[in-house]
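Enquirer: Quick one, fold the following:
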Amino acid sequence: MTEQKPEWNEGFFVYRTQFAGKELVFEIGGMARQANGAVLVRYGDTAVLAAATAANQPREGIDFFPLTVDVEERLYAVGRIPGSWPRREGRPPERAVLAARLTDRPIRPLFPKGYRNDVHIVLTPFSIDHDCSCDIAGLVGASLALTISDIPFEGPIGAVEVGYVDGELVLNPCSQDIANSTLSLVVAGTKDAVLMVEAGAHEVTEDILVQAIAKGHEAIKEIVAFQEEIRLAIGRVKCAVEVPELPEGLHDATYQRATAALRDAMRDGDKQSRETAIDEIKQRILDELLPEYPEQEAAIASVFRELVKETVRTLIVDEGIRPDGRGHDDVRAISCQVGLFARTHGSGLFQRGQTQVLSIATLGTLSEAQTLDTTGEEEQKRYMHHYNFPPYSVGEARFMRGPGRREIGHGYLSERALLPVLPDHEDFPYTLRVVSEVLESNGSTSMASVCGSTLALMDAGVPIRKPVGGIAMGLIKERERIAVLTDIQGMEDFLGDMDFKVAGTEDGVTALQMDMKVKGIDQEILAEAMERAKKARLLILSRMRDALPEPRDDLSPYAPRIITLQVDVDKIRDIIGPGGKMINKIVAETNAKIDIEQDGRVYIAAADAEGGLKARKMIEDLTREVEVGNVYDGKVTRIMGFGAFVEFLPGKEGLVHISELAHERVPSVEAVVDIGDAVKVKVIEVDRMGRINLSMKALLPVPEGHVEEDRPSSNDRRPPRRSPNRGPNQGGRPKR
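Expert: Residues are numbered from 1 along each chain as shown. The predicted structure follows:
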């Protein structure tokens, strides 16, 4: 990375550098000047405004840091008008929520302990170049906006995307590289350590992932150094963080009264029993200390929470005792079930300890794919994974609303884990939706969703290439003492320093997500966590195979049957018919659903095989080329003096001349056939104008002694076509 001196451009500073082979520009002081810090980031043709604002006073009565990150996606950034009826953006789409989470996760650990002021970061993309990641530009912009502001942020941080193309690691790959890459990894961190990793991969090995993270961190160090230079030049002095002091003796009194009891409570392996015991200890401490320290309930509760955290971490690191008694590498008891419900297309119940997730798969037609109205390049989603986390799963009673950011993020991670093993739509022309219902939660429900969804898809008969399993790893770091934990439960996640989720097949990783609550970890610990996660994943996959070794051969009887046809593009109009007449007729008669692609692929979906086969035959009849000599069953549709018109294929009529009705001469057409009669006909000619001549007598036995009379040619047998502007004398003007 090479730096240049800042430019002064009509009232704002411009800083330029090279980042992964492209120019990165920070414009400071020209926009959003009333925010605590604001930066316009230009990366290629991508432009994102990052604005950071903090409240002047801490929020009262809370025990958490109130940080909010919003990505305000605007379709004008890609030159599009919203497709919704009001033609303006509404609630943030899932892509914007995921981008906001991507920024939130690495910056959240870098605010001082005890800081309770509301902080709001808003990222607004004004222009999006898909060769220059908007997410990376926004994340770096948020870091710099915080860094130059007076908000107490212990950054800066950097972020980079890493791809793996043709055996080479590529930083911030362009769209073409992304399409050819087997890895899409975003890594964020400080100059000293990695804070966040998120990746989707096509069975990439753990070694390659570690190399990708290391390469990304080297680039991060450079972008962090550049931000620090800007901070030294124009950064504001940070606000002081005032943490109320505890009354004298309160800390020691709480520790003395509660330590022994908490150590005993932590040895109870059942989550609810353990939580009940901790609540009882807390209430006892409050009852004992409030008379001595009146109006200090919040302070006592804060010290008690600190003691709980310290007790759990000390037992794990110093004594090797986890809250449920497991060793550091032990996976909780696993249970797998499939085929739980008769009418669903596929179902899988996965339980690991006190975490239980039910996943249900539904198969639909390709036309039911989700249409995306976002700034991304993807226009449709054929596979959707939705994750629900009801309050009863953690024993709580509260209101239920729509999916929040956590639900969207967990659903996306599970979706990403399974995408690489799904069959192509050419081989399996279905839209797939899996819904994961968290029935019981005690850690790592997202990875349980991956396992349950694999079982549900296999139970539905979806021919996935390989099963996918997932595991969550944790970390306790006390100075030089470190414990890496396999299959973390809720308390270890909440009180630990790392949440590291890895999903994949037996041959490699398909999805990865890591979040740190401390200022990062080194690569050796990361590599160790990867290796332990692989061992646990292989164990889980073996348990899943015991329940269902491979996808079922047959679909559920309630799943739609899809038949695929390939027709000539010119025949599409024949299938649709004028005003949709023909396709509507097929749908009405067969109850099938029909989707037609522009390249001539036709997908027929029917609830039963009979309806699908009938629709297929009707379409084949519509698109079939008429050949002389073929015999068809038809129906008389019109009678004229010179013959009868017979519909012998859907939408195709031919003429049976009166001379072709029978071997003997007939007095009139009506003497042989009537409208609506079912007849068998043979194609005897397709004339130069494409008109089809049929014969009934060609299929009848010749009477004994019958002599065929000379007949006029077929072109002479049809009545001449008249111009609508001409009279009977075809050659001249109408007589006056």
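Enquirer: So for the helix ranked longest in the chain, what gets flagged as buried?
Expert: Looking across the chain with DSSP state H, the single longest helix is helix 206-234. By neighbour count with 16 or more other C-beta atoms under 10 Å, helix 206-234 contains the buried residues 206, 208-217, 219-220, 222-224, 226-227, 230-231. Any C-beta I mention is one placed from the backbone N, CA and C, and that applies to glycine too.
Enquirer: from the chain's centre, how far out does the helix or strand just after that helix sit?
Expert: Toward the C-terminus, helix 206-234 is succeeded by helix 250-265 as the next helix or strand (DSSP states H and E). Chain-centre distance of helix 250-265: 46 Å, with C-alpha atoms, centre = their mean, to the nearest Å.
Enquirer: Name the residues of helix 250-265 that come out as buried.
Expert: Under the neighbour-count criterion of 16+ other C-beta under 10 Å, helix 250-265 has 250-251, 253-255, 257-258, 261-262, 265 buried.
Enquirer: What helices and strands are in contact with that helix?
Expert: Contacts defined by 3 or more C-beta pairs under 8 Å, 6 or more residues apart in numbering; DSSP states H and E place helix 250-265 against helix 271-289, helix 297-319.
Enquirer: The longest one - contacts with which helices or strands?
Expert: If you count contacts as 3+ C-beta pairs under 8 Å, 6+ apart, helix 297-319 packs onto helix 250-265, helix 271-289, strand 469-478, strand 481-486, helix 490-495.
Enquirer: what helix or strand is E664 on?
Expert: Going by DSSP H and E, E664 is not in any helix or strand.
Enquirer: Please enumerate the strands of the stretch 51-200 of the chain.
Expert: Assigned by DSSP state E, counting those that start in this stretch, the stretch 51-200 of the chain shows strands spanning 67-71, 117-127, 158-165, 168-171, 183-189, 194-204.
Enquirer: Same question for the residue nearest to L315 when sequence neighbours are not counted, what's its three-state structure.
Expert: With sequence-adjacent residues excluded and distances taken as C-beta to C-beta, 6 or more residues apart in numbering, L315 is closest to I321, at 4.4 Å. Of the three states, I321 takes coil according to DSSP: H, G, I helix; E, B strand; the rest coil.
Enquirer: Now do the same contact list for I321.
Expert: Going by C-beta atoms under 8 Å, 6 or more residues apart in numbering, I321 touches 266-267, 315.
Enquirer: Filter those down to the buried ones, ChimeraX style.
Expert: Here is the ChimeraX command that selects the buried residues among the contacts of I321 (16+ other C-beta under 10 Å):
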select :266,315
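Enquirer: Any chance of CSV for the contacts of I321, columns pLDDT and distance to S441?
Expert: Shown next, in CSV, are the contacts of I321 (pLDDT from 0 to 100; distance: C-beta to C-beta, whole Å):
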residue, pLDDT, distance to S441
M266, 83, 19
R267, 75, 22
L315, 88, 23
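Enquirer: so can I have CSV of the contacts of I321 showing distance to E378?
Expert: Formatted as CSV, these follow (distance: C-beta to C-beta, whole Å):
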residue, distance to E378
M266, 46
R267, 49
L315, 47
